[in-house]
Structure formats: structure tokens, C-alpha cells
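> here is my input; please provide its structure:
(chains A and B)
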There are 2 protein chains.
Amino acid sequence: MDLATELARRAALVETGLARFVPEASVRPDRLHSAMRYSLEAGGKRLRPVLVLAAAELFSAPPEDALAAAAAVECLHTYSLIHDDLPCLDNDDLRRGRPTAHRAFDEATALLAGDALLTHAFVILTTAYADRPALAHALTRELADAAGSRRLIGGQMEDVLAEKRADVSPADLDFIHLNKTAAMIEASLVMGGLIGGASAPALDSLRAAGRATGLAFQIVDDILDATADTATLGKTAGKDARAGKATYVRIHGLEASRRIAREHTAAALSSIDRLPGDRAFLLALIASMAARAS
Amino acid sequence: MDLATELARRAALVETGLARFVPEASVRPDRLHSAMRYSLEAGGKRLRPVLVLAAAELFSAPPEDALAAAAAVECLHTYSLIHDDLPCLDNDDLRRGRPTAHRAFDEATALLAGDALLTHAFVILTTAYADRPALAHALTRELADAAGSRRLIGGQMEDVLAEKRADVSPADLDFIHLNKTAAMIEASLVMGGLIGGASAPALDSLRAAGRATGLAFQIVDDILDATADTATLGKTAGKDARAGKATYVRIHGLEASRRIAREHTAAALSSIDRLPGDRAFLLALIASMAARAS
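Next up, the predicted model:
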């Protein structure tokens, strides 16, 4: 199995799903739909939607079945990036090497495009799985919980507050990583499992794998912010460090951060290994997420 | 039937629902949950959630059954107000006579509290109706569609764009009103009907009534902005007129606006009269929404 080829194949499927399930830029209001598509089309690695597809495959679900959920997850992730970049939060000008939404359009349009992508994730799930209401319900519930005030947005809020504090504890930082980053990675794997009709223990293993993968992913993000350059990252490097922000590297040091990331990755791989089906792609993908350079 | 008494009884039920279905302010992150509750507790008329309860009653659904949907609708409405008030949109300092969320907290917290309330509407629906997945799915779909890029947010986007244009047509204004205002009023009545197990024709009547009620409501809003004072409104009066904003009054004149609002209200009442059950409260409420002074 060649990871790059297998990843590219699934990422191309995700593009198909996004093109199908997100309104054309010409649909009224065209400025809103243009901004939604601009941010979605900035590309990125499509890791979360690929995890949806990969988890569904383990249970032999047709890839076609998982496309809508993959698109919904990417809409939700993209909304969180658009709002994260806004002047009142990170005030970032660059995302994935291109001007952020509020730079390319304006702040009002970016705010509304984020709102619209968040809402559209639920439109996609409730429309595309309408002929299987129990599945539509389970997927919607999983995504709403992961995106909610105790998880994704909660982690984002604590992250904002942590920037103003000098006394951020390791437990605070774990709360932020667990919710701001791991929640959506967990949900992606679990949603794939739901589409494949996974058993309750299998869903638990997917959730555990997602949690550990998300924690490793965010620690690696902190390591890269401290060690990589802007051109490689496609976003402003060293920003967190300069802002005096509490990061894994700042609190635990670089070596310990690398060790903890490796431990989380090992835990994730071991959870995946408890699942049925052909796990090769998912194992390689998770390993590569921890070893990435950008 | 005394409208004020009947309205107050249902509004009190809505408060119960909000208290039950929205996380306590002390739940981590407490700043986020405090801001969510601050905006919800600003009060307002609770018209949309009361419409959910009233529509469910027509079909003899226990009020208890409609509480969660009512709370979800109010969370969604409150999110739209918080984001609408932000500096990059209306930049309003007052809402319901109190400082807006970004004034009482800060812009980042208000942005995230809005995101969290939007998401929480879906958390409530998918959790509270989990034992009836088909109903949970139908409710979620209705709310997501009404709140999405073609409806609530679409209307909001067109409203923002209209502020910068001198050539706003009557059709443009209708698009804005139909989506920015009527979509959620439609969804409120339809969700009540879904909870009551309404037939497809009854759901159509509820939708038509909601659409006409929403259009009348927004025209009356424009009339009040032009004719009432800030103390009565609990928000800055005359703001739209001063901003040179396209309103019904500006485009059609005061008298024609009053006539069109009356026509929409008559159409709404006639749609309600096609429904079963005790319609007295709903008829009186819709009539009063058109005759209101604030």
C-alpha cells in the first residue's frame, strides 16, 4: 500500500462530495456561497473527511455512503477555521497559503460564511441520509456533540482565555487539545463507523483512536509552530511562541512533547488494531499524521 | 381567552425549557456558558418558541413534548441576534434594553457564544428526541434548512449587501424578509406540527401561516423602526432610517406597508383556520404580532 496514492484517492473523493453537497457559488446569495466555497477550496489535507471514509471502509460500507458525512465534517472544520481566523480571535491573514476569508472578502461575509458552513453540515446530514432517519439522527447527534459548547467551541473558548493567562496548567492545555482538536477527529472516525453499522465496542475503539490521534496531532502542531517555517506550514509560523501562548512545547519542552505525541500515536494505533477489516490505510495515515512536517 | 395570560403561561414554560436544556453558567468553560445564558436570559418575547408550543397543542401533543424543540428554536434565534449585533454587522450596543453580548463580554466571547448556541440547538434536538429518531431527524432537518445559507443566513447576507446599495428592489427586500425573518417563524410552527404528528397538508398550512406571519412581522418591524422610540423598542430606534437602509417603509411608504402587513396577517389567520384543534390562542397571537407596539 502506498500511503500517498491511497490518501490522494480518498481526498479526491472528498472533493467530489464537497462539489456535490455544497451549493454552487452562483446560488443566491452568491457572495455567501462564494465565500463558503472559497474557504472549502483552499484545500488543506482533508484529514477529517478522509478519516470518515477510512473508518466506514473498515466495515465494508460503500464509499458512496460516507461521502455526505465526509463533506459535512469538512464544512464544520472549515467553519471553525474561518471564525478562528477572524480579527477578534487569531486575526490571521493567511490560511493554507491563501488570504483568510475575511481578508479575501470582508469580516461580515466571513462571519456569515462560517455560520452557514456550520449550519450546512447539518443540512447535508439530514438531507443525504433522509432515507435512513436513525442513521441521520446518530450522525447529527455525534457531530453536534463534538462541535458544541463542551467540546470544539469550549476548547476554542478556553484557548482564547489561556492566551491572557500566565498560569495555564498542563490540565488546562489538555482540556483545550482534547476539545479544540480531538473532538472533531473522534467524531470523524465514529461517524464513519456509524455509517458502516459498527458495533458499540467498535465505536468505542474508534472514539479512543480518534481521541489519541487528535491529541498527538495537536501536540505535533505545537511542535511545528515552534520549529518549522511559514512557507512550509502555509500559515504564520512561530506565532504562538511569540504571543507567549501556552503550548505543549512551552509547558512540557520539545523532547517531552515529542515523546508524549509518540505515546498518543501508539495508543491510537493499538485502538485501531482492535477493529475488523483492512486497517492498513488507517494505521499508515495515523502514523503519518504524527510524523508530518506541516 | 385572555391573550396576555395565555402567552405568559407558555412563555414561562419556555423559560423552564431553556433552564433545563441549556448548560448551567458554571459548566466549563463558564465564560462561554455565562455568555450563552446572558443572551438567552435577556428575555424578549419568546414568540418563536411559543409558536412551537402553540402549534404542537393544535394536535394535542403534551406541552412537555414540545419544550425541547421550543428551547432549540430560541437558542437558534438568540445566536442570530448575537452575531447580528457584532461590530462587523450591525454594531449594536443595546438589545432588549441591555448591553449586547459583545458589550457585556467581549467580541471573541460573543462570536463563540453565538456559534455555541447555534450548535446547541442541534444538540438539544438530537438528545431530547433520541428515543424517537425519525422525529429527531425531521426536527433537525427543518431547523437546519430554515437556518441555512439559502434562508436565515442567506437573508442576513442579502440584508448586509442591501445596506451598501441604492437600488434595492421590492423583490430584493422580499427575499430578505422571507429568509431573514419568515424562515424561523415557519420552522417554529412546522416543528410544533411535527411533534404533534401533523399530516402533510396540515404541515403545509402551518408553513404558509408561518411565512405570512413572518412577512407581516418584519414589515411591522420596519414600521416601528420608523415610528417608535428607543425606550419603547428596547433597541436603537430610527437606526435603519438613519442608515439609509432599504426598509418596507422606505420602498413602499408607511400606508402601503401597513396595508401589506394587514394582508399577510389575514392570509396567516386564514391558513391557521384550516387546521384542527383549538386555534383561539394561535389566531390571537398572530393578530397581536401584527398589531404590536414594540
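
> what about the longest helix seen in chain A, distance to the chain center?
The helix that spans the most residues within chain A, counting by DSSP state H, is helix A:200-227. Chain-centre distance of helix A:200-227: 10 Å, with Cα atoms, centre = their mean, to the nearest Å.

> hmm, it in reach of chain B?
No: under the criterion of Cβ under 8 Å from any Cβ of the partner chain, helix A:200-227 makes no contact with chain B; the nearest approach is 15.1 Å. Just so you know, the C-beta spots here come from the backbone N, C-alpha and C atoms, and that holds for glycine as well.

> any regions of the stretch 101-250 of chain A where pLDDT drops low?
Along the stretch 101-250 of chain A, segments meeting pLDDT under 70 span A:233-236, A:241-242.

> up against chain B, what does it have?
With Cβ under 8 Å from any Cβ as the criterion, the stretch 101-250 of chain A meets chain B at residues A:106-109, A:111-112, A:114-116, A:118-120, A:122-123, A:126-127, A:130, A:133-134, A:136-138, A:140-141, A:143-145, A:147-150, A:152-154, A:156-158, A:160-161, A:175.

> and the strands in chain A, which stretches?
Per DSSP state E, chain A carries strands over the ranges A:94-95, A:98-99.

> mean neighbour count, mean pLDDT and distance to residue B:256 added to the ones you listed, as CSV?
Output for the strands of chain A, formatted as CSV (neighbours: other Cβ atoms under 10 Å in any protein chain shown; pLDDT from 0 to 100; distance: least, Cβ to Cβ, whole Å):
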stretch, mean neighbour count, mean pLDDT, distance to residue B:256
strand A:94-95, 19, 90, 47
strand A:98-99, 16, 95, 44
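
> output those strands in CSV; the columns should cover distance to chain B.
Listed next are these as CSV, based on distance: least, Cβ to the nearest Cβ, whole Å:
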stretch, distance to chain B
strand A:94-95, 17
strand A:98-99, 17
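
> want to throw those strands into a markdown table with distance to residue B:276?
Formatted as a markdown table, the strands of chain A follow (distance: least, Cβ to Cβ, whole Å):
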| stretch | distance to residue B:276 |
| --- | --- |
| strand A:94-95 | 53 |
| strand A:98-99 | 55 |
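
> can you tell if stretch A:17-27 touches chain B?
Yes: contact of stretch A:17-27 with chain B (Cβ under 8 Å from any Cβ) involves A:23, A:27.

> measure that stretch end to end?
18 Å (Cα to Cα, to the nearest Å).

> again with stretch A:51-65
This stretch, stretch A:51-65, spans 14 Å end to end (Cα to Cα).

> ok, back up a step: so which of the residues of the stretch 101-250 of chain A next to chain B belong to helices?
Secondary structure from DSSP H places A:107-109, A:111-112, A:114-116, A:118-120, A:122-123, A:126-127, A:133-134, A:136-138, A:140-141, A:143-145, A:147, A:152-154, A:156-158, A:160-161, A:175 of those in helices.

> emit the ChimeraX select command for whichever of those residues are buried.
Applying 16 or more other Cβ atoms under 10 Å in any protein chain shown to those, the buried members can be selected in ChimeraX as follows:
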select /A:107,108,109,111,112,114,115,116,118,119,120,122,123,126,127,133,136,137,138,140,141,143,144,145,147,152,153,154,156,157,158,160,161,175
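
> in the longest helix of chain A, what's buried?
Buried-residue list, helix A:200-227, by 16+ other Cβ under 10 Å: A:202-203, A:205-226.

> that one vs helix A:152-162, what angle?
On the basis of axes from the mean of the first three to the mean of the last three Cα atoms, to 10 degrees, helix A:200-227 is oriented at 30 degrees to helix A:152-162.

> by contact count, what packs against helix A:200-227?
helix A:183-195, helix A:239-242, helix A:248-252, helix A:254-272, helix A:280-291 (3 or more Cβ pairs under 8 Å, 6 or more residues apart in numbering or on different chains; DSSP states H and E).

> okay, the angle between it and helix A:254-272?
Helix A:200-227 runs at 160 degrees relative to helix A:254-272, counting by the same axes, to 10 degrees.

> could you check the angle helix A:133-147 makes with helix A:200-227?
Helix A:200-227 runs at 30 degrees relative to helix A:133-147, counting by the same axes, to 10 degrees.

> if I take helix A:200-227 and helix A:280-291, what angle do their directions form?
Interaxial angle, helix A:200-227 versus helix A:280-291 (the same axes, to 10 degrees): 30 degrees.

> could you find the closest non-adjacent residue to residue A:100?
residue A:85 (4.1 Å; Cβ to Cβ, 6 or more residues apart in numbering or on different chains).

> how confident is the prediction for that neighbour, by pLDDT?
Residue A:85 is assigned 97 on the pLDDT scale.

> residue contacts, it?
The contact partners of residue A:85, by Cβ atoms under 8 Å, 6 or more residues apart in numbering or on different chains, come to A:91, A:92, A:95, A:100, A:101, A:102, A:110.

> kindly report the same for residue A:252.
Contacts of residue A:252 by Cβ under 8 Å, 6+ apart are A:170, A:260.

> now, of the contacts of residue A:85, which are buried?
Neighbour-count burial (16+ other Cβ under 10 Å) is assigned, among these, to A:92, A:95, A:100, A:101, A:102, A:110.

> now the closest residue in space to the fourth one that isn't next to it in sequence: how far from residue A:120?
Closest residue in space to residue A:101, ignoring its immediate chain neighbours: residue A:110 at 3.9 Å, by Cβ to Cβ, 6+ apart. In this structure, residue A:110 lies at 15 Å from residue A:120, with Cβ to Cβ, to the nearest Å as the measure.

> sounds good, over and out.
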